[in-house]
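Student: one predicted model, sequence on top.
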Amino acid sequence: MIRIEKDGWIVTGDTKEEASQGVAIVQNALRIVIPTTLSEAIRYFRDVQMCHDYMVRIKWPDGKIRCPACESLRVGNISSRRMLQCKDCRKQFSVKVGTIFEDSPLGLDKWFVAVWVTTNASSVSSRELGRSLDVTQKTAWFMLNRIRRNRKIAL
């Protein structure tokens, strides 16, 4: 059994590689910041590239991005479009694949603030969310509906 101490965390593994992978997961998890106020959330999530990187850290905490089609680890980054491409099956995909954000033309910057608002406010109307995100009431209603529906499934 290998034991590694890093940043106050103790990670163990059967092999040195396994323990090192555990350290990488802990370090990645420590980089995920959660805003505490609405204005902080809007400021924190306003950068689309930062939202993309945040989603990558959440979706693949071990840092190993897998293709959703063939499960390959050989995945390249198309930085100009914030897309990923599998080097084996050649399929292109975004970090939104397999999430509630999939098939939505809205960016993660809007979605992350909407999720933050719905989890931190006791009740929020679609009009209020629309004003906060600078989207129409209809779009805000769609977002709230999707978030609430998936929260019920998760519970």
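Tutor: Happy to help now that I have it. Given the structure is predicted, the values throughout are model-derived calculations rather than measurements.

Student: can you tell me the closest non-neighbouring residue to the residue nearest in space to the middle of the chain?
Tutor: Centroid-nearest residue in the chain: residue 55, 2.5 Å away (criterion: Cα atoms, centre = their mean). Using Cβ to Cβ, 6 or more residues apart in numbering and skipping residues adjacent in sequence, the residue nearest residue 55 is residue 95, 4.2 Å away. Any C-beta I mention is one placed from the backbone N, CA and C, and that applies to glycine too.

Student: for that neighbour, give me its contacts.
Tutor: 52, 55-56, 59, 82, 84, 108 (Cβ atoms under 8 Å, 6 or more residues apart in numbering).

Student: tell me how far the ends of stretch 100-118 are from each other?
Tutor: 14 Å (Cα to Cα, to the nearest Å).

Student: may I see the buried residues of that stretch?
Tutor: 100-101, 104, 108-118 (16 or more other Cβ atoms under 10 Å).

Student: same check, this time on stretch 36-46
Tutor: By neighbour count on 16+ other Cβ under 10 Å, the buried set for stretch 36-46 is 41-42, 44-45.

Student: over to stretch 91-99?
Tutor: Quick answer for stretch 91-99 (16+ other Cβ under 10 Å): 93-97, 99.

Student: C-alpha coordinates for the lengthiest helix in the chain, PDB please?
Tutor: Taking DSSP state H as the criterion, the chain has its longest helix at helix 137-154. What follows is helix 137-154, C-alpha atoms only, in PDB (Å, rounded to 0.1, in the frame of the first residue of the first chain):
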ATOM      1  CA  GLN A 137     -38.800  35.100 -19.700                       C
ATOM      2  CA  LYS A 138     -39.600  32.100 -22.000                       C
ATOM      3  CA  THR A 139     -35.900  31.100 -22.100                       C
ATOM      4  CA  ALA A 140     -35.600  31.500 -18.300                       C
ATOM      5  CA  TRP A 141     -38.700  29.300 -17.800                       C
ATOM      6  CA  PHE A 142     -37.200  26.600 -20.000                       C
ATOM      7  CA  MET A 143     -34.000  26.700 -18.000                       C
ATOM      8  CA  LEU A 144     -35.800  26.500 -14.600                       C
ATOM      9  CA  ASN A 145     -38.000  23.700 -15.900                       C
ATOM     10  CA  ARG A 146     -35.000  21.700 -17.000                       C
ATOM     11  CA  ILE A 147     -33.100  22.300 -13.800                       C
ATOM     12  CA  ARG A 148     -36.100  21.500 -11.500                       C
ATOM     13  CA  ARG A 149     -37.000  18.400 -13.500                       C
ATOM     14  CA  ASN A 150     -33.500  17.000 -13.300                       C
ATOM     15  CA  ARG A 151     -33.200  17.800  -9.600                       C
ATOM     16  CA  LYS A 152     -36.200  15.700  -8.900                       C
ATOM     17  CA  ILE A 153     -34.600  12.800 -10.800                       C
ATOM     18  CA  ALA A 154     -31.400  13.200  -8.800                       C
END
